[in-house]
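Q: Just to be clear, the model below is a prediction. Sequence and coordinates:
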Amino acid sequence: MRGLAFLLFFLGLVLTWVWLGTDGDTPKNGVRTAPPLPAPTPRDTSKDAPERAPEWTGSTTCAECHPDIHARWKKTAHALTLGGPEQAAKPFDGDVFWARDVEHVMGPGPQMTCEGPGGERQTFPVEMTIGVRRAQMFTTSFPGGRIQVLPVFLEVPKKKWFDYTDFIFGAPPEFRPEVDGPYAWYGAHRNFNSRCGRCHITNYSIGYDADTGTYDTTWTERAISCELCHDAGGAHVNYWRFPSAGADSNQPDPIVNPAKLSITRSNQVCGQCHAEGTMVKPGFRPGDNLFFFYDLAGLDDAKHLYPDGRASELIHNLLPNMTTRCGPISCSKCHDPHGSGRPGDTHRAVGDNKMCTQCHEDVKEHSHHKPDSAGRSCVACHMPRLLIEGGHGRVYDHTISIPSAATTRQWGTPNACRNCHMVEFPDWETPFLKKWYPGSDERNHRVALADAFGAARLKQPGWPALLIPYLKNPNPVYRAGAARVLEHSNVDLRPQLQDQHPLVQRAAVPGVARRHPEALVSFLKSENHVLRRTAALALVGHEPARADVVTALEDAIRARPDHAELYEALAQVTSGEKKTRALRRAKLLRPKR
């Protein structure tokens, strides 16, 4: 009995185990199956999963997918625009350079000994080198985050030190900046934070504190890198790293490709640096309208432009490009922003006429110069190199215009013939031009342009009549230039406020303010930051708009808290503590006033 009981008990355990080891269900075929295995515990893959990129990723992230382009770009002037002292084209080995009765000692080592604050002779470390190809500038730091451009520059091709003061301010050789004044090299006019950094650094923030006069300047990359032209790359990187929410979602890639923008907007991407003017509001992104953010120089600027519109000083080429009869032509038609290994990163060598015959016929007989001579090059005659920077630099003429002996004779403008044929007597080239190109001066619109703007600069009798037709010229640069110069005439410029181009609208504001200030009141609420700021400064004395002027000036100050003229204007339209604070802030920027 005891054995039988044990056997029955054992069989019961086996049957129970079998029953518990199933899901209790029997399939139709009568075969009992094992229950499914439980799902495995997910493995921690956080270390393997791609990370989300920040908004501004830096060029090294771009290199992960675009290594060839990145390798080419690393050799360009864009990539090398701001380096350490080791980037100087000449060593700091103790050279002595005299300028404006001040001795400057360059070294030994990366330092410069010269006159500093208070007129005391001091030694300043060289911390950064600006530029790589034509001229190099050097910076040093002061308390409060201030970065200043040192007083002596280097002309790279000649390895020659030179003083920048004479042509940066247009000062005569005998001029010597006042000690501790705004034109001293350690003053506001030579401040890197406010005046230089935006065109040498990516994702640049000035970080000026108006109450302490200090800077907390930040950036993500010390170069003109991918994101300055293609916009912040984080969204683009994440679009491809996480395709379910990006590339596979039928949504467009958020990166900006300047080649897919209109020619105008594509060129404005370059123009954020390659244009002379003032950044009125930070935040320009590729594809935006540049003229909403930057107040650019125009044909009224005799320092930077000859009366025929060609560069007499560093103008950075956007404005001349806007006036070329070859236009509209994209910068990237001739230049490779990613680098070509050639000077200027041109697609072809500068003297290669195939650059021009992309659009023009190859008119070999047109040049009237021998084959293989310099004069046979299209660029030699139509884009001659122009002297800038007090003779220490040269740029190619981006107006792409026709040589004219007439403008040389009348207004002293350079012409291509004299770049090669350095003759002393006047009109040497005239017989050749008349023989080879009959009527060229009559066809050359720049002859009349120079006559009109040249007469206006000299205030010759009847000069307004010469400019009035340019108010209706097809080119916005000429319309804007005429409006700027006619500010001091009796011409009613209110129609120009309705112009389709913001450059012309902005140019008309000062002239309208002199006679019809009420016409500008609506501009105080314009979405165009340049128009709003310009109107506010022009309407400071217009009592009916005082409240809106104050609001517009305060908006402008939030955008550029480092601009003294905004505080000075605000002080004129406010009172009490607000006025006192505005004057105090202005004095921090202009201590000598």
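A: Noted; the coordinates are in hand.

Q: For burial, what's the neighbour tally of D362?
A: Number of residues near D362 (other C-beta atoms under 10 Å) recorded here: 10. Every C-beta, even on glycine, is put in place using the N, C-alpha and C of the backbone.

Q: And for K370?
A: Residues within reach of K370, counting by other C-beta under 10 Å, total 9.

Q: A405 now?
A: Around A405 there are 22 other residues, counting by other C-beta under 10 Å.

Q: Over to A406?
A: 22.

Q: That one: helix or strand, and which one exactly?
A: Following DSSP states H and E, one finds A406 within helix 405-411.

Q: Could you do K434 as well?
A: Element membership of K434, judged by DSSP H and E, is helix 430-436.

Q: Can you give me the buried ones in the helix or strand just after that helix?
A: Remark: after helix 430-436, the chain's next helix or strand is helix 440-443, criterion DSSP H and E. By 16 or more other C-beta atoms under 10 Å, the buried positions in helix 440-443 come out as 440-441.

Q: what packs against helix 440-443?
A: With contacts defined as 3 or more C-beta pairs under 8 Å, 6 or more residues apart in numbering; DSSP states H and E, helix 440-443 has these neighbours: helix 430-436.

Q: one more time with 10 Å
A: helix 405-411, helix 430-436, helix 445-458 (3 or more C-beta pairs under 10 Å, 6 or more residues apart in numbering; DSSP states H and E).

Q: who does the last one touch, helix- and strand-wise?
A: With contacts taken as 3+ C-beta pairs under 10 Å, 6+ apart, helix 445-458 sits against helix 318-323, helix 405-411, helix 440-443, helix 463-467, helix 476-485.

Q: Contacts for the helix holding A406, please.
A: 306-308, 310, 401, 404, 413-415, 417-418, 426-434, 440-442, 444, 446-451, 453-455, 457-458 (C-beta atoms under 10 Å, 6 or more residues apart in numbering).

Q: Mark which of the residues you listed are buried, thanks.
A: Taking 16+ other C-beta under 10 Å as the criterion, what is buried in the contacts of helix 405-411 is 306-308, 310, 401, 404, 413-415, 417, 429-430, 433, 440-441, 444, 446-451, 453-455.

Q: circling back: hey, which of the helices and strands packed on helix 445-458 is tucked in deepest?
A: Mean neighbour count (mean count of other C-beta atoms under 10 Å) peaks for helix 476-485 among the helices and strands packed on helix 445-458, with a mean of 26.

Q: how far off helix 445-458 does that helix point, in degrees?
A: Between helix 476-485 and helix 445-458, the angle comes out at 20 degrees (axes from the mean of the first three to the mean of the last three C-alpha atoms, to 10 degrees).

Q: centre of the chain versus whichever helix or strand comes after helix 476-485, how much separation?
A: Next in sequence after helix 476-485, counting helices and strands by DSSP H and E, comes helix 502-515. Mean-position distance between helix 502-515 and its chain equals 24 Å (C-alpha atoms, centre = their mean, to the nearest Å).

Q: relative to helix 476-485, how tilted is helix 502-515?
A: Interaxial angle of helix 502-515 relative to helix 476-485 (the same axes, to 10 degrees): 10 degrees.

Q: and the angle for the next helix or strand after helix 502-515 with helix 502-515?
A: For helix 502-515, the following helix or strand on the C-terminal side (DSSP H and E) is helix 529-538. Interaxial angle, helix 529-538 versus helix 502-515 (the same axes, to 10 degrees): 10 degrees.

Q: Please compute how far helix 529-538 lies from its chain's middle.
A: 21 Å.

Q: Return the set of buried residues in the helix or strand following it.
A: Using DSSP H and E, the next helix or strand after helix 529-538 towards the C-terminus is helix 546-559. Buried residues in helix 546-559, counted by 16+ other C-beta under 10 Å: 548-550, 552-557, 559.

Q: Let's have these in a markdown table, adding distance to C273.
A: Putting the buried residues of helix 546-559 into a markdown table (distance: C-beta to C-beta, whole Å) gives the following:
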| residue | distance to C273 |
| --- | --- |
| D548 | 33 |
| V549 | 31 |
| V550 | 33 |
| A552 | 27 |
| L553 | 27 |
| E554 | 28 |
| D555 | 25 |
| A556 | 22 |
| I557 | 24 |
| A559 | 19 |
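
Q: which one of the residues you listed sits closest to C226?
A: Set against C226, the nearest of the buried residues of helix 546-559 by C-beta to C-beta is A559 (25.6 Å).

Q: State the distance from I147 to I201.
A: Between I147 and I201 the distance is 11 Å, computed by C-beta to C-beta, to the nearest Å.

Q: Common neighbours of these two, please.
A: Each of 192, 217 lies in contact with both I147 and I201 under the rule C-beta under 10 Å, 6+ apart.

Q: So these two - more neighbours on which side?
A: Taking neighbours as other C-beta under 10 Å, I147 and I201 compare with I201 leading, 22 against 19.

Q: Pull the contacting residues for that one.
A: 81-82, 192, 217-225, 228.

Q: And for A552?
A: Residues near A552 by C-beta under 10 Å, 6+ apart: 523-526, 529, 531-537, 539, 545, 569.

Q: out of these, which are buried?
A: Neighbour counting with 16+ other C-beta under 10 Å marks 523-524, 526, 529, 531-537, 539, 545, 569 as buried within the contacts of A552.

Q: Looking at those, spot the one nearest G341.
A: Proximity of those to G341 (C-beta to C-beta) peaks at H529, which lies at 38.5 Å.

Q: Quick check, that closest one in contact with V280.
A: Yes: when contacts are counted by C-beta atoms under 10 Å, H529 is listed as touching V280 (5.1 Å).

Q: thinking again about what came up before, and of the helices and strands packed on helix 445-458, who's closest to E174?
A: Smallest distance to E174 across the helices and strands packed on helix 445-458 (C-beta to C-beta): 26.8 Å, for helix 405-411.

Q: After that closest one, which helix or strand is next?
A: Following helix 405-411 in sequence, per DSSP H and E, is helix 416-420.

Q: Quick one: mean pLDDT for that next one?
A: For helix 416-420, mean pLDDT rounds to 89.
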